[in-house]
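Trainee: make a model of this:
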Amino acid sequence: MSKVKEIVPGLVLCIVIACFTILIANKFPLFGAGTFAIIAGIIVGNVGTGKIKRFNAGTKYSESKLLYYAIILLGGSISFHSIVEIGFSGVIFILLQMAVTLMAALWIGKKLALPENFRLLMASGNAVCGSSAIAATAPAIWAEEKEKSLAITVVNLTGTVLMFILPLVTTLLYKQEPQPSSAMIGGVLQSVGQVVASGSMVSEVVKEEATVYKMVRILLLGVVIYVLRRYSKKAPIEKSTKIKFPIPWYISGFLLLCALHSIFAFPILLQEVIQNTGNFLEVVALAGIGLRIKLGDLVEQGGKVAIYTGLLTVVQIVAAVLLIAWLIL
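Mentor: Model (predicted):
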């Protein structure tokens, strides 16, 4: 009971920020509540509440447990049948695009002498599904809280910028033709919300098809986590020997819910309830992440991280253009 009392103040603060940012996002839907939640959390956390210890337990609970629950619920809106919808060439495109993103994130980060765990988290977030992928990967590679928070913030801000750039790219290169435009947006952008928002700037058809490409990436989250865990050189030997099952519990939950949805086809109402609940939990979690971010950490890594993010973004877009020309057009 005492632990619950410790969690309540910080959790309530995260929920208040989440509700406030959701209202703002309803007025400016292109940006998404998640981005507003992180920014609001950073402002509130660095102005004063970040120094109040009574909020710590609740914000930590929000940024970890709630985000894991959101990851599980994400499986309720995804079906394995998504793979069929984009065809063989679409699946090959996603596999190669993700492989390039993972290798580029790790190689460029190493050349810039960025911490290994931060590189692994950025690889996961950019290759799969942003905040959710980073949160899912962090405990698998024993990343520190500061590394996870920094990666989530950088990925969200990058995705927000790309959300506006990619519709311009698809207009210039593909004249908004649905198939290549959908592959570009669904294969590059980090979060589902950003894909939906960016795709809607092009057309309703592109929004729907881009979301399918995105869902296929999410289905591969467990595989990416397993690969990155094997790649990690900093995992303690004594801990790694105790792990018998390579996939974290929340990824198992995600895959189970996805499998159930694929087999039984959840009713639309149930899908909406699961999706809306998961989205709300994610926004609350992102508010908690923002509250726990220290601006000093961002400034400390600022120059290198900006160069790293810029180079990685260029590689992702160039790779997508080349792969689309080869496989989609």
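
Trainee: just the CA coordinates for stretch 162-173, please, in PDB.
Mentor: What follows is stretch 162-173 as a C-alpha-only set of coordinates in PDB (Å, rounded to 0.1, in the frame of the first residue of the first chain):
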ATOM      1  CA  LEU A 162      10.100  14.000 -41.000                       C
ATOM      2  CA  MET A 163       6.300  13.900 -40.800                       C
ATOM      3  CA  PHE A 164       6.200  17.200 -42.800                       C
ATOM      4  CA  ILE A 165       9.200  16.500 -45.000                       C
ATOM      5  CA  LEU A 166       8.100  13.100 -46.400                       C
ATOM      6  CA  PRO A 167       4.900  14.300 -48.100                       C
ATOM      7  CA  LEU A 168       7.000  16.800 -50.000                       C
ATOM      8  CA  VAL A 169       9.500  14.100 -51.000                       C
ATOM      9  CA  THR A 170       6.700  11.800 -52.200                       C
ATOM     10  CA  THR A 171       5.100  14.700 -54.100                       C
ATOM     11  CA  LEU A 172       8.400  15.600 -55.900                       C
ATOM     12  CA  LEU A 173       9.500  12.000 -56.600                       C
END
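
Trainee: contacts for that stretch, please.
Mentor: 30, 176, 180-181, 184-185, 188-190, 194, 197-198, 201-202, 206, 313, 317, 321 (CB atoms under 8 Å, 6 or more residues apart in numbering). Bear in mind the C-beta positions are built from the backbone N, C-alpha and C, glycine included.

Trainee: surely residue 281 meets residue 69?
Mentor: Yes. Counting by CB atoms under 8 Å, residue 281 touches residue 69, with 5.4 Å between them.

Trainee: check contacts around residue 227.
Mentor: Counting by CB under 8 Å, 6+ apart, residue 227 has contacts residue 102.

Trainee: just the strands in the stretch 1-150 of the chain please.
Mentor: Ranges of strands in the stretch 1-150 of the chain, per DSSP state E, counting those that start in this stretch: none exist.

Trainee: all helices of it, in order?
Mentor: All helices of the stretch 1-150 of the chain, identified by DSSP state H, counting those that start in this stretch, fall at 2-27, 33-47, 56-61, 67-74, 82-111, 116-127, 130-137, 145-174.

Trainee: going by mean pLDDT, which of those helices comes out lowest?
Mentor: Averaging pLDDT over each of the helices of the stretch 1-150 of the chain singles out helix 67-74 as the lowest, with a mean of 79.
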